[in-house]
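Engineer: Got a predicted structure plus its sequence, pasted below:
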Amino acid sequence: MSRIETFTRLLARRKLPLRHLSGVRAKSHAAHAFARDASGDAGPSTPSPRSLFSDVPLNLGRSGKGKERERVSYRPETAGVSTEQRAYFAGEDEGGLPGWGDGTDEASLAGLEPGRVVECRRSGTFSIGLLLASVMSNGRARLILLRQSGEIWPIAPKDVQFVMPQSLIPRGLYERCWSPDLLEAWAKGDVGAAPEEAADGDMMAARREAVVIIRKVGRETERMVNRLSGSGGGGVDAVWVKRTEGLSEEERGRITAAEAADILLSTDGPEGRRTKPNTLPAYAAHRMLIARSDLFVADDGEMWDTGVFLVRSRAERARFQAVTTWVDGATPEDAAILQAFVDKARAALAQMPNQTSPVEWSETDRAIISMLFLRLFETRTTQHSPSDRLSVAILRALDPYPGAIADQRCIAHLLTDLGCLPPSDSLETSKAIETESRSISLAGLSLPTRVGGDDLFNGTELDSLREDFSSHTVWVIDDITAQELDDGISISRIEGSEDVWVHVHIADPTRIIPLDHPMAVRASFRGTALYLPEGNVPLIDLAGAKGLSLGSAGDGEEEGRAVMTFSARLGADGQIKESLVRPGWIKEPRLTTYADVDAAFGVPTSTPVRPFGLVTSIEEASPARRDPINPAEIPQLDLLRSTAVARRAQRLRSSGLDFGASLASSRLLIRSPPYHNIFTPSSLPSVSTPFPSAPLIDYTLPASPPSTAISAAAAVAEMMMLAGRVAASYCMIHGVAVPYRGAVAPSELHIPGRPEASMSIEELLAHRKPDASIDPFIVWKSRVAFAPSTVTTDPRPHWNMGFVGDELGYTRATSPLRRYDDLLVHWQLKSHLAMRAGIDWGRVLDEGEMGVLAKRVKGAQLRGRRAGIASEAFWQAGVFAGQLAKPRYAEKEGEVDLREPVTGRVAGPSIGMRGKMSTPIRVEGLGVVARLLSEAREFEVGEEVQVRIEMAVQWPRPIVGAVLA
């Protein structure tokens, strides 16, 4: 196996503790009750997430005696691994990218409490088991699963695809299957045997009894699948036909497993008895649908919670059937169609990179090419895509690179050589748009792709409520490359007092965009604007919402620009004494950059570091408008700075940490216009196009100001947090439902025998620098567990940001051009203000409606965050691959020579496989987290090591690999 293959596969495997239990026969009334659901006696439906999770928080479990269990870090051991387990964990779950967490919080685990029997899937395999506990593994949530074989596996929450009735396993039984002692032992890392062997006799007996029930569920499920298959309802194909009736050729639908069971049992009529979720018929239907990925696609979000499948369109099914027919080649005519494509493709490959005669792709060719692209999108291993087999067959017929493995890397290389995939496209834009489109279909909605302006507000409905700030000097301060300017700040000292009024003025897109406008609904599924190295995707169509940015020349600028204004009266100590929220007018805002304001502050600045030199022909970005700062205006900026310093000290007086580790950023200097959605066949190119061998990339490490000073960016960020606090305060006082953000205080993990690894929260806070930042390695070594942030409809403390005690409650309201939840807050605030003024403008959403939208947006924003991280990692790997391929004489003066050793620090725990260890290494001078492949040795977090960058690949997952120097 090559070193590159070893690095690639290493990330997808972990050594996990495992042993088998011997099964015994026992009666199971619960399993029989589950089986009786086949007769229509459906079990209890799933309780609401709030009631489910009220007893089982994310970081706590319950012992049989009712005592709370502290959540502890799980440490994988090196016990024997079965063939089943190797196969299951061969596929990596979400979260393998640098800086990427799984986004799990207590709300997203509601319903996955201990005692539930669940189905989990990964790597094309599935298993049924009993949830015993939730733990933290390498900073990510993991669920401890007792399988039907008796093995204990730590699975990812996203692996869970179906949850069975809560009454299936008696409470007293599942509580005897686990104990706090085992969790503590795992935390100490001193479990020499597998956890099954560490269990006592009573616990082993309880597990054997639970396994009998789990196996009974498996047998009853098989019987129900056979019943549904032979029920006379036409099978799964008939379900698909029924759910595509009335839809257009390209339109997708949705269906739940319970609805599919009704169709298969012919109980979907008006008089039929409806199948309930979580019951045996629903689970059997779930199994049948997930096996037919050519017709149904499981929800790639929280499938276990929604139970929803995407119904593929008629056009999609027709393409699968056609390409399958051509690939199988049962007749000479069918084989000739595939051969015609192969001949064209070989002709195109023969001309690359300097193509003289572009090859035209027919509709048939494009259908075949679409299968290759789909293989790069449908990559989750919980459900295999039809494109898996088809793409391999196409590659075998074409054989473009003799001896190459038919994997995603080979497909991406081929599509570029065929002139279909520009090297300047990481596909993250297309992936985001395709996922958004599927999410809309899963919600049962159909939105027009183009919308007009007839159903927009005229923009004057609430002008009578606006306060005039046109006499204020409003500063719009942002990065030099910023395109959508959301916010401005004005500040003034109150005469005869040390208090100041701070007014944060925010762009007002809700002035013209209603909540139910198709553009707004689509934005709720997008969640956030995407800013990727290869291009941007706006949250809303600014062409249809002209003049919304504070930096654009909008209509009516001579009268003023409409904004939402969040005002706070602050004392000299930074404490909020009074706050106001209302629409406003500003006029002629002053546009400037962070760098210019830093110069006015006297903050030392440094230029970004380029470890591989300045790219030829680089053009520095410049704002469309940049107002010079006059000497007479500097005192006002100084007041803004000193106020931000006081406000930060007040906010962080007893809590709050900033330990983000910044990495390098990439920017493509010559961007090919990204396809709207390359995974839509209509977007595929009709001719082969020669592309440059590689895009020019400006690779930079961010400049950092001294920690003793507050930069312009930090001062502006402080004012934006102040505005979010003001917005939350208004909503709390008036009972307006908004998505509040929170985070509980971190917990201290006291590990017996390792006192040096423990640290109190007070000790951690004492390590903060003047700007409240802290060396991330101190945090990573501290064994302090930070809970994920939450998004709820009730205000909660946000310890990480310092919003606790009398400042409890925080929401985001300052980036409505970039984040949908900020838009949502604006709609709610303005609807409430209009209602109080007796103006019919819009309805205030209640808590239930807000909860639905907040959950949708949270998932969309997680996808957006992942796209940004994946794109950065993709281009970073491309930069390193290019540097490694360069001959030594081609290096410029001042460039880092990757052939020489570099110093790195261990940034996380090691992952073991076959006697080797893979360890994340942060190389500060290169702005990268590399994977160190070494002999079976574990490193301490923060330990310095000398490494040499050995390899870098972009597909199937971006990796920069290193070896010990």
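Structural biologist: Everything's here; your move.

Engineer: which intervals of the stretch 751-900 of the chain have sub-threshold pLDDT?
Structural biologist: Low-confidence segments of the stretch 751-900 of the chain, defined by pLDDT under 70, span residues 751-758, 888-891.

Engineer: Please enumerate the helices of it.
Structural biologist: Taking DSSP state H, counting those that start in this stretch as the criterion, the stretch 751-900 of the chain contains helices spanning 761-766, 776-781, 820-836, 847-885.

Engineer: right, and the helix or strand after the last one?
Structural biologist: Read it as helix 847-885. Counting by DSSP states H and E, the element after helix 847-885 in chain order, helix or strand, is strand 902-906.

Engineer: Of the helices of the stretch 751-900 of the chain, which is nearest residue 300?
Structural biologist: Residue 300 lies closest to helix 847-885 among the helices of the stretch 751-900 of the chain, at 9.1 Å (CB to CB). Backbone N, C-alpha and C define where each C-beta goes, glycine included.

Engineer: if I read this right, residue 663 contacts residue 873, doesn't it?
Structural biologist: No: the pair formed by residue 663 and residue 873 falls short of the contact definition of CB atoms under 8 Å, at 9.1 Å.

Engineer: sorry, back to before: which stretch among the helices of the stretch 751-900 of the chain approaches residue 681 most closely?
Structural biologist: The stretch from these with the least distance to residue 681 (CB to CB) is helix 847-885; that distance is 22.0 Å.

Engineer: out of everything not next to it in sequence, what's closest to residue 686?
Structural biologist: Excluding its sequence neighbours, the residue lying closest to residue 686 (CB to CB, 6 or more residues apart in numbering) is residue 361, at 5.7 Å.

Engineer: Mean neighbour count, the helices of the stretch 751-900 of the chain: which tops it?
Structural biologist: The densest packing among the helices of the stretch 751-900 of the chain, expressed as mean neighbour count by mean count of other CB atoms under 10 Å, is seen in helix 820-836 with a mean of 23.

Engineer: Could you quantify the relative orientation of that one and helix 847-885 as an angle?
Structural biologist: With axes from the mean of the first three to the mean of the last three CA atoms, to 10 degrees defining the directions, helix 820-836 sits at 150 degrees from helix 847-885.

Engineer: same for helix 820-836, what does it pack against?
Structural biologist: For helix 820-836, the elements it packs on are helix 518-526, strand 561-570, strand 576-586, helix 712-734, helix 847-885, judged by 3 or more CB pairs under 8 Å, 6 or more residues apart in numbering; DSSP states H and E.

Engineer: which helices and strands sit right next to the second one?
Structural biologist: Other elements packing on strand 561-570 under the criterion 3+ CB pairs under 8 Å, 6+ apart are strand 500-507, strand 576-586, helix 634-651, helix 712-734, helix 820-836.

Engineer: Dump that strand to CSV, keeping only the CA atoms.
Structural biologist: This file holds the C-alpha atoms of strand 561-570, laid out as CSV (Å, rounded to 0.1, in the frame of the first residue of the first chain):
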residue,chain,number,x,y,z
ARG,A,561,-30.6,55.0,4.1
ALA,A,562,-33.0,52.7,6.0
VAL,A,563,-31.4,50.7,8.9
MET,A,564,-32.3,48.9,12.0
THR,A,565,-30.7,50.6,15.0
PHE,A,566,-29.7,49.0,18.2
SER,A,567,-28.7,51.5,20.9
ALA,A,568,-27.1,51.2,24.3
ARG,A,569,-26.2,53.7,26.9
LEU,A,570,-23.0,52.5,28.5
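
Engineer: Just give me how far that strand sits from the chain centre.
Structural biologist: The chain centroid and the centroid of strand 561-570 are separated by 32 Å, computed with CA atoms, centre = their mean, to the nearest Å.

Engineer: what pairs with that strand, and is each one parallel or antiparallel?
Structural biologist: Partner strands for strand 561-570, per DSSP bridges, with pairing direction: strand 500-507 (antiparallel), strand 576-586 (antiparallel).

Engineer: can those go into TSV with extra columns for mean neighbour count, mean pLDDT and distance to residue 858?
Structural biologist: Rendered in TSV, the data for the strands paired with strand 561-570 read as follows (neighbours: other CB atoms under 10 Å; pLDDT from 0 to 100; distance: least, CB to CB, whole Å):
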stretch	mean neighbour count	mean pLDDT	distance to residue 858
strand 500-507	24	98	21
strand 576-586	18	98	24
